[in-house]
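Undergrad: my questions are about this predicted structure, shown below with the sequence.
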Amino acid sequence: MKRTAAVLLSAIIATPALLLGGCASSAPEPRATAESVDLGIDPEFGSTMASCMVDHGWDADVTGDGGVLSNVPDGQEEPYDADLAECAKENGLDKIAPALTEPELRLLYLMELDTAECIRGQGLDPGSPPSEQTFVEGALADGNAWDPYAEVYTTSNSQVTEDEYFALLEECPRPGY
């Protein structure tokens, strides 16, 4: 039996903007605030998906980070994934979040720095953050943005157990949750 976690992934997809015209000036983008940044995270994702998966005959629990955790019997991964995709589609949770603007990414960077500082305060090492410019350029180029939790809790190299990770999320929430 394998434990499978289904997590809502917010993809940051950027489309480059081309500025045409010689001396045309444009108004600056409005300054983003924490309240104005929509990271595409539905706070009801976990409970909605878990309920749907139970309706499809799977065990499913909501995790501390808003995902869904199920025990999937060996050889049942394909039907599980199909039901998971169906539940996402049925509930409108299969859409990719809109790309964040550069000002929103700069604010997200500051929020991630705050999260990293909180994690450090808990005695853990979230690694060294990239520069703001590197963070923004990476997010705009391919959606890969620095995540302080990536150094703390991964499937291959965790500083904490699963239970400690969920407790840490309570103390140091990820931006947007």
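TA: Okay, I see it.

Undergrad: can you get me a residue count around residue 161?
TA: Using other C-beta atoms under 10 Å, residue 161 has 10 other residues around it. C-betas here are computed from N, CA, C, even on glycine.

Undergrad: go on, residue 60?
TA: Residue 60 has 24 nearby residues by other C-beta under 10 Å.

Undergrad: same for the helix ranked longest in the chain, what does it pack against?
TA: Using DSSP state H to define each element, the chain has its longest helix at helix 102-121. Secondary-structure packing of helix 102-121 (3 or more C-beta pairs under 8 Å, 6 or more residues apart in numbering; DSSP states H and E): helix 132-142.

Undergrad: what pLDDT, on average, does the helix or strand following the helix it packs on get?
TA: For helix 132-142, the following helix or strand on the C-terminal side (DSSP states H and E) is helix 162-171. Taken as a whole, helix 162-171 has a mean pLDDT of 88.

Undergrad: restrict helix 162-171 to CA atoms and write it as PDB.
TA: Only the C-alpha atoms of helix 162-171 are listed here, as PDB (Å, rounded to 0.1, in the frame of the first residue of the first chain):
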ATOM      1  CA  GLU A 162       5.600  14.700   8.300                       C
ATOM      2  CA  ASP A 163       3.900  15.600  11.600                       C
ATOM      3  CA  GLU A 164       6.600  18.200  12.300                       C
ATOM      4  CA  TYR A 165       6.200  19.700   8.800                       C
ATOM      5  CA  PHE A 166       2.400  20.200   9.400                       C
ATOM      6  CA  ALA A 167       3.100  21.700  12.800                       C
ATOM      7  CA  LEU A 168       5.700  24.000  11.200                       C
ATOM      8  CA  LEU A 169       3.100  25.200   8.600                       C
ATOM      9  CA  GLU A 170       0.900  26.300  11.500                       C
ATOM     10  CA  GLU A 171       3.800  28.400  12.800                       C
END
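
Undergrad: what is the distance between it and the centre of its chain?
TA: Relative to its parent chain, helix 162-171 has a centroid offset of 16 Å by C-alpha atoms, centre = their mean, to the nearest Å.

Undergrad: report the buried residues of it.
TA: 165, 168-169 (16 or more other C-beta atoms under 10 Å).

Undergrad: what about the longest helix of the chain, average pLDDT?
TA: For helix 102-121, mean pLDDT rounds to 93.

Undergrad: relative orientation of it and helix 162-171 in degrees?
TA: 120 degrees (axes from the mean of the first three to the mean of the last three C-alpha atoms, to 10 degrees).

Undergrad: any buried residues in helix 102-121, and which?
TA: Buried, per 16+ other C-beta under 10 Å, within helix 102-121: 103-109, 111-113, 115-116, 118-119.

Undergrad: looking at the residues you listed, which is nearest residue 143?
TA: Proximity of the buried residues of helix 102-121 to residue 143 (C-beta to C-beta) peaks at residue 105, which lies at 10.7 Å.
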